[in-house]
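Q: With the input below, show me the fold.
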Amino acid sequence: MKQPIAGALLVCAALFSAQGALAAKATCADRDHVTTQLAKQFGEAPVANQVSRSNRILEVFASPGAKTWSIVITLPDRNLSCLAATGKGQAPLKRTLGSLS
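A: As a prediction, the model looks like this:
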């Protein structure tokens, strides 16, 4: 799964280079709030992450058995996390990660 995540990171990092416009469209909040809500509402925990050259962090969160999953991009300098994608099931997660590479 590392290669699709690296590709997804590159795509997301490119998207976040225009962070002002994209952040306005994405669901964003303080990182602690986002991770707490993913855990509380969906039972999701981090399963993979990658840091871009521009210091953006791509994280994949999933519930046990990938019943639900979320892809989160974090801008650590602003402590801002944005949901980039959400879904259900392992096959859709693999397709989503693959489509980003």
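
Q: For residue 28, which residues are in contact?
A: 34, 80, 81, 82, 83 (CB atoms under 8 Å, 6 or more residues apart in numbering). C-beta coordinates here come from the backbone N, C-alpha and C atoms, glycine included.

Q: Could you measure from the third one over to residue 61?
A: Here the criterion is CB to CB, to the nearest Å. By it, residue 81 lies 10 Å from residue 61.

Q: which residues are in contact with both of these two?
A: 35, 72.

Q: Just the buried residues of stretch 46-65, please?
A: Judged by neighbour count using 16 or more other CB atoms under 10 Å, the buried positions of stretch 46-65 are 48, 50, 52, 56, 57, 58, 59, 60, 61, 62, 63.

Q: From these, which land in helices?
A: Within the buried residues of stretch 46-65, no residue falls in helices by DSSP state H.

Q: Please identify which pair of those residues lies farthest apart.
A: By the measure CB to CB, 52 and 63 form the most distant pair in the buried residues of stretch 46-65, at 25.6 Å.
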